[in-house]
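Chemist: below are the sequence and a predicted model for it; my questions follow.
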Amino acid sequence: MSRSLSPTALRAIHDEHTGEVWLPRLTISHPTLSQPIRAVRNGVNIDHAGQTWVAFEFSVDLPSSVAGELPRVRLTLTTITREVVSALRGLSSGVPPLVTLEYVLASDFGRVEVGPVDMTMTGAEYSAEAIIADLAFEDLLNLPYGHSFTPADYPGVFS
């Protein structure tokens, strides 16, 4: 997948010193939520395009490569509110929440530099201090394939 970074982002990456700040932002959406939960790892809330991105401290632990397993991401929200916990607890179990991760520059919050990366929340644990959620990518390995492998069409497979 190719990515086009803005000239400002490229300078921020290549300069030895920069004043640019990269901000990761999360969107948690679900059909039963009246509006998505929007979080940004920043010290203050950010209002942009009529939406409020709430300042949360969170970390995203990237997956390790394990043969035969789909990669899983661990999301830890450590600055939480009762509203967020009750919203997540109230989600129906039939449809998992969708979590979207994006990276933006603080100077241009509207331009997504990296992402969006869409993942499904497969489970979550709650405590008074944190929400720890497991996120999974789409299971491409187990999607049904709409074609049959027959000797007439693929003789090399059967020789």
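Modeler: Received the coordinates, thanks.

Chemist: ok, now which ones touch Tyr103?
Modeler: Counting by Cβ atoms under 8 Å, 6 or more residues apart in numbering, Tyr103 touches 22-25, 112-115. The C-beta positions use only the backbone N, C-alpha and C, and glycine is treated the same way.

Chemist: can you redo these as TSV with secondary structure, pLDDT and neighbour count?
Modeler: As requested, the contacts of Tyr103 are arranged in TSV below (DSSP: H, G, I helix; E, B strand; the rest coil; pLDDT from 0 to 100; neighbours: other Cβ atoms under 10 Å):
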residue	secondary structure	pLDDT	neighbour count
Trp22	strand	96	15
Leu23	strand	97	18
Pro24	strand	96	17
Arg25	strand	96	24
Val112	strand	95	15
Glu113	strand	96	20
Val114	strand	94	14
Gly115	strand	90	14
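
Chemist: out of those, who's nearest Ser59?
Modeler: Pro24 (9.2 Å; Cβ to Cβ).

Chemist: quickly note the distance from the closest one to Val54.
Modeler: Separation of Pro24 from Val54 (Cβ to Cβ, to the nearest Å): 13 Å.

Chemist: which neighbours do those two share?
Modeler: Val40.

Chemist: residues contacting the closest residue to Phe58 other than its chain neighbours?
Modeler: Using Cβ to Cβ, 6 or more residues apart in numbering and skipping the chain neighbours, the partner closest in space to Phe58 is Leu77 (4.6 Å). By Cβ under 8 Å, 6+ apart, Leu77 lies in contact with 39, 56-58, 84, 130-133.

Chemist: again, but for Ala12
Modeler: Ala12 neighbours (Cβ under 8 Å, 6+ apart): 18, 20, 22, 105.

Chemist: so which of those residues wins on neighbours?
Modeler: Leu105 (19 neighbours; other Cβ atoms under 10 Å).

Chemist: does Val84 sit in a helix, a strand or a coil?
Modeler: Of the three states, Val84 takes helix according to DSSP: H, G, I helix; E, B strand; the rest coil.

Chemist: report pLDDT for Gly146.
Modeler: With respect to pLDDT, Gly146 scores 69.

Chemist: got it, and Ile80?
Modeler: 71.

Chemist: contacting residues around the nearest residue to Ile37 once chain neighbours are set aside?
Modeler: Counting by Cβ to Cβ, 6+ apart, the nearest residue to Ile37 once its immediate chain neighbours are dropped is Ile28, at 4.1 Å. The neighbourhood of Ile28, defined by Cβ under 8 Å, 6+ apart, consists of 36-37, 39, 88, 97-99, 121.
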